[in-house]
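**Student:** I'd like to go over a predicted model; first the sequence, then the structure.
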Amino acid sequence: MKELAVELFGIEFQNPVMVASGTFGYGEEYSDLISISELGAFVTKTITLEPRPGNRPPRIVETSSGMLNSIGLANVGVEEFICSKWPWIRRNRGDARVIANIGGRSVAEFSRMARRISGLDGVDGIEVNLSCPNVEEGGVSKLSRLGRIGEIIRAVCDQTDLPVISKLSPNLLLDIEGMAVEAVESGSRGISLINTLMGMDVDVESRRPVLGNVTGGLSGPAILPVGLFAVKKVADAVDVPVIGIGGITSHRDALKYLIVGASAVQIGTANFTNPLVCREVIRGLEAYVRDHRFESISSLTGSLIE
Amino acid sequence: MSIPIRMGDGTIGESVWLAEDTFRLSLSGTGLGQGISPGQFFMVKAWEGNDPLLRRPISVSDVAGEAIYFVIRVTGKGTRLIAGRRPGDRLSLVGPLGRGFLIPPGYDRHILVAGGVGIAPFPLLARAIRNTGQTVDIKLLYGERDSSRLIDTGTMGFGEIETSVITEDGSSGRKGLVTDLLSRVLTGEGEPAAIYASGPWPMLKAVQAQVEGHRGPLQVSMESFMGCGLGSCMGCVIAVKGEGERSYERVCHSGPVFDGRDVIF
């Protein structure tokens, strides 16, 4: 449906619905149920220079209308990704855009990752993970700092002509526009947010933390209002496209993000509970645009009446 | 070979309590009953809305024609909600998922070691072993904490099977742990047996230690809290012996059934 097509950073996406990094594996895991070709964009799990085993289990725990995870960027590493995951993604992507999400422990690692990913034929954009709550080096506590964000984004942009999107954390919510502005001034052509909120859970019998890593990141419907607030703040502060993430389970949730200023959305945790959620959201948006006689879904972006 | 993963609804045919906290559910009309391997599971949702958020991984207990059977113990919010559903209600399923039990060729003796609700996948396994066509000796060893939790194996669809029961407090059958039964069986005869174990972690750890020195294969069905069940979220990993060092494997994707000698407890 052409009314759902959106243009971000000079690229057309067939619809504004993407999967959030780390919630759709490498695409293949879901392929019996839903094809990545239906998406506006497939966003890979965070890829790092070296393979990472991830954190000590238990790694997830359910909370009220949400979940905490402490996966810790477990991934196969960039060389294995290129060798064993990328060919499948390329073959099955259809008209979907592909955004590679990259992580790193240092400016040099981000720089090398950007160069390596940039060389892959068929990648449409790079999303820089500045916001993982579950690793010490290369996680939110070290990267989501004013000054540091600019350094990383400049280093990434120096190595690639692809659009660079900065994925921000909500954990320093009151500074979030400042971070977005710094990312944009450093060359970021889009901002995606939010990543998970830091949290923890405790077993009252053993009096131990439930997660092996003690703390984790909260996701799921519980964080939707935080995501909307953060997206509104950032969309009001920058003039690049903003991608709204956090707690979307239906097309109505996606619409809320668009209305407060997002140009597209990413769906995360809901893929775990309803593997067909992206398809349902796309169909829901189609019906909404048709029923409300909008010429294009883009006209909803930032249409909040205050 | 694994069959495609699908998502669908099923209608509850019957829901029968087998013990104080354990029930057996039949689901019809799912269209998902064909080709399920013993030990495979479905991600199940039995409620509307987002709380509880995640589906619950439930292993298939048996399949008869189009009907799928689950044996479920109430351990928390999700399983309590499933228990509250009545005949005619619909459940949402994603599956079948994971790698189930393999029946190693060339073994005449098969020992099924169950701790608690770990017994759930064994009726389908026993059927699959019988269906290999060989004359085989299948023993079911079943341990529970006490008689209130003891599942009546006669109603689980095992058919004729030599069963030994043991409870921790001796309120039914012998008194002790299921591993006491296993050690008796293993020391009794010489011919190697294929051993399949399913139950809580401490039990599986004890079985692993006990089987050291035994020449037959050991397969264990592991339990873990799961996010997606599809291999995507990386949440349900356990440690296994990898090349050189330990590695983390997804229970939903590489398991739930693992080579029992590879798991690091």
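**Tutor:** Thanks, I have the structure now.
**Student:** For chain B, just list every one of the helices.
**Tutor:** B:77-83, B:122-130, B:178-188, B:201-211 (DSSP state H).
**Student:** Would you tell me which residues of the stretch 1-150 of chain A are close to chain B?
**Tutor:** Selection of the stretch 1-150 of chain A residues close to chain B by C-beta under 8 Å from any C-beta of the partner chain yields A:22-25, A:29-30, A:32-33, A:53-54, A:57-67, A:69, A:71, A:74. C-beta here means a position set from N, CA and C on the backbone, and glycine is covered the same way.
**Student:** related to what we said a few turns ago, let me have the helices of chain B in JSON lines, extended by mean neighbour count and mean pLDDT.
**Tutor:** Shown next, in JSON lines, are the helices of chain B (neighbours: other C-beta atoms under 10 Å in any protein chain shown; pLDDT from 0 to 100):
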{"stretch": "helix B:77-83", "mean neighbour count": "18", "mean pLDDT": "96"}
{"stretch": "helix B:122-130", "mean neighbour count": "23", "mean pLDDT": "95"}
{"stretch": "helix B:178-188", "mean neighbour count": "18", "mean pLDDT": "90"}
{"stretch": "helix B:201-211", "mean neighbour count": "19", "mean pLDDT": "96"}
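**Student:** Nearest to chain A, out of those helices?
**Tutor:** helix B:77-83 (8.4 Å; C-beta to the nearest C-beta).
**Student:** okay, now B:T11: neighbour count?
**Tutor:** 15 (other C-beta atoms under 10 Å in any protein chain shown).
**Student:** nearest spatial neighbour of it, skipping sequence neighbours?
**Tutor:** Leaving aside its sequence neighbours, B:T11 sits nearest to B:G29 (C-beta to C-beta, 6 or more residues apart in numbering or on different chains; 4.9 Å).
**Student:** who touches that neighbour in this structure?
**Tutor:** B:D9, B:G10, B:T11, B:E66 (C-beta atoms under 8 Å, 6 or more residues apart in numbering or on different chains).
**Student:** If you count contacts, what does the longest strand seen in chain B end up packed against?
**Tutor:** Assignment by DSSP state E gives strand B:6-19 as the longest strand of chain B. Where contact means 3 or more C-beta pairs under 8 Å, 6 or more residues apart in numbering or on different chains; DSSP states H and E, strand B:6-19 is packed against strand B:22-28, strand B:67-73, strand B:90-97.
**Student:** Now tabulate those strands in CSV and tack on distance to chain A, mean neighbour count and mean pLDDT.
**Tutor:** Converted to CSV, those look like this (distance: least, C-beta to the nearest C-beta, whole Å; neighbours: other C-beta atoms under 10 Å in any protein chain shown; pLDDT from 0 to 100):
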stretch, distance to chain A, mean neighbour count, mean pLDDT
strand B:22-28, 19, 21, 95
strand B:67-73, 17, 23, 96
strand B:90-97, 6, 23, 96
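**Student:** where in chain B is pLDDT low?
**Tutor:** B:1, B:188-189, B:244 (pLDDT under 70).
**Student:** Give me every residue in it lying close to chain A.
**Tutor:** So chain B meets chain A at B:4-7, B:45, B:50-55, B:94, B:224-239, B:247-248, B:253 (C-beta under 8 Å from any C-beta).
**Student:** Burial check on A:P53, number of neighbours?
**Tutor:** Neighbour count of A:P53, defined by other C-beta under 10 Å: 16.
**Student:** what ranges do the helices span in the stretch 51-200 of chain A?
**Tutor:** A:78-80, A:86-92, A:107-118, A:140-143, A:148-158, A:176-185 (DSSP state H, counting those that start in this stretch).
**Student:** Could you pull up the contacting residues of residue 172?
**Tutor:** Since you didn't name a chain, this refers to chain A. Contacts of A:L172 by C-beta under 8 Å, 6+ apart are A:S144, A:M179.
**Student:** Correction: the question concerned chain B.
**Tutor:** B:S172 sits in contact with B:E144, B:D146, B:S147, B:L150, B:V165, where contact means C-beta under 8 Å, 6+ apart.
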